[in-house]
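Participant: Based on what follows, work out the 3D shape:
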Amino acid sequence: MNAPATTPFRPPAERSIGSILIDAGRLNADQTERILRLQREKGLRFGEAAVVLGLANHSDIHYALARQFDYPYLQRGESKVSPQVVAAYDPFSPQVESLRALRSQLMLRWFDPVEGRRALAVVSPGGGEGRSWLAANLAVLFSQLGERTLLIDADLRKPCLHTLFGLQERSGLSTLLAGRPAPEAVQRVPDLLSLSILQAGVVPPNPQELLARPVLGQLLQQYSSSFDVVIVDTPAGNRYADGAMVAVRTHGALMVARRDRSRMGEVKRYAERLTQSGAVVVGSVMNGN
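Facilitator: The predicted model follows:
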């Protein structure tokens, strides 16, 4: 009996750096031919030859390599996402390398799908300490790993994630907590693969009461089954109990403090309050941004 014929595996054709830069309007066909000629003569890589000729810079090459390896990031002026979301624009900067190291620590110390640990609250005791900034950038970094990532704005007092990502205001978390349908509340972020956002929605008169409802836990459980990583932004902890209630339902919290602004006594007391409430303080970050 003859074995069935098999078709050898062929990986998908890889787009060249030249074609990516041509499609992006950063090179034309004549320039590409000059680069290829020098590449053959000197035995250089395409990107090296392009830089030697002054027809591309290192930023152009990083851009093309990111597209080659499905590592999405944005170009300034071409997106509504705020420049504050540095991970979306400058993935090779020292600042983002530090954030990437934090992501690695969180993967080692907290996120574990087998144990059901997919959600994390980003908390801090005071205002202006960088909770939303850190939550936004961490969410981008996890999505760049290919993790299906959901960023939730649970600051129902002064929400800002929709502004950071250039999204139109629409029904969001507050609507869902009130028990009303909002089928399009979760929005994909254009040009950032694997990242979705659930914005806060209309600022309600009773945010603490809404967050205390069992539906928040039900939503987090639902989203944890649909996403690999769920990151939740919260309001200041020394003014409201909201953050603690969110952290108890995510089970884990990342504490943020800011150099020359945060008071360490307040940070310590808030961490103790979270622990007493049943949340695990996974770690702390000193934000110098």
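Participant: mind listing what's buried in stretch 58-68?
Facilitator: Within stretch 58-68, the residues scored as buried using 16 or more other CB atoms under 10 Å are 60, 61, 62, 63, 64, 66, 67. All C-beta spots, glycine's among them, are computed from the backbone N, C-alpha and C.
Participant: Let me fix that, I meant to ask about stretch 247-266.
Facilitator: Counting neighbours by 16+ other CB under 10 Å, stretch 247-266 gives 247-258, 262 as buried.
Participant: now the helices for this protein?
Facilitator: For the chain, the helices defined by DSSP state H occupy 17-23, 29-42, 46-52, 58-68, 86-89, 94-109, 131-144, 161-164, 173-177, 207-211, 214-226, 242-250, 264-277.
Participant: returning to that earlier point: return the member of the buried residues of stretch 58-68 nearest to residue 228.
Facilitator: residue 66 (20.9 Å; CB to CB).
Participant: so the closest one touches residue 92, yeah?
Facilitator: No - using CB atoms under 8 Å, residue 66 is not in contact with residue 92, being 9.0 Å away.
Participant: okay, and the common contacts of these two?
Facilitator: Contact criterion CB atoms under 8 Å, 6 or more residues apart in numbering; residues shared by residue 66 and residue 92: none found.
Participant: looking at this structure, which helix or strand does the model trust least?
Facilitator: When each helix and strand of the chain is scored by mean pLDDT, DSSP states H and E, helix 58-68 comes last, with a mean of 77.
Participant: other SSEs contacting it?
Facilitator: helix 17-23, helix 46-52 (3 or more CB pairs under 8 Å, 6 or more residues apart in numbering; DSSP states H and E).
Participant: Return the set of buried residues in the last one.
Facilitator: Yep, that's helix 46-52 we're talking about. 46, 47, 49, 50, 51.
Participant: can you put the buried residues of stretch 58-68 in TSV and add distance to residue 286?
Facilitator: Converted to TSV, the buried residues of stretch 58-68 look like this (distance: CB to CB, whole Å):
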residue	distance to residue 286
60	34
61	33
62	28
63	31
64	35
66	29
67	34
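Participant: Can you tell me which of those residues lies closest to residue 195?
Facilitator: residue 66 (15.2 Å).
Participant: The nearest residue to that closest one once chain neighbours are set aside: what's it in contact with?
Facilitator: Leaving aside its sequence neighbours, residue 66 sits nearest to residue 73 (CB to CB, 6 or more residues apart in numbering; 5.7 Å). Contact partners of residue 73, counting by CB under 8 Å, 6+ apart, are 63, 66, 87, 88, 89, 90, 91, 144.
Participant: and the gap between the last one and residue 180?
Facilitator: Spelled out, it's residue 144. Here the criterion is CB to CB, to the nearest Å. By it, residue 144 lies 34 Å from residue 180.
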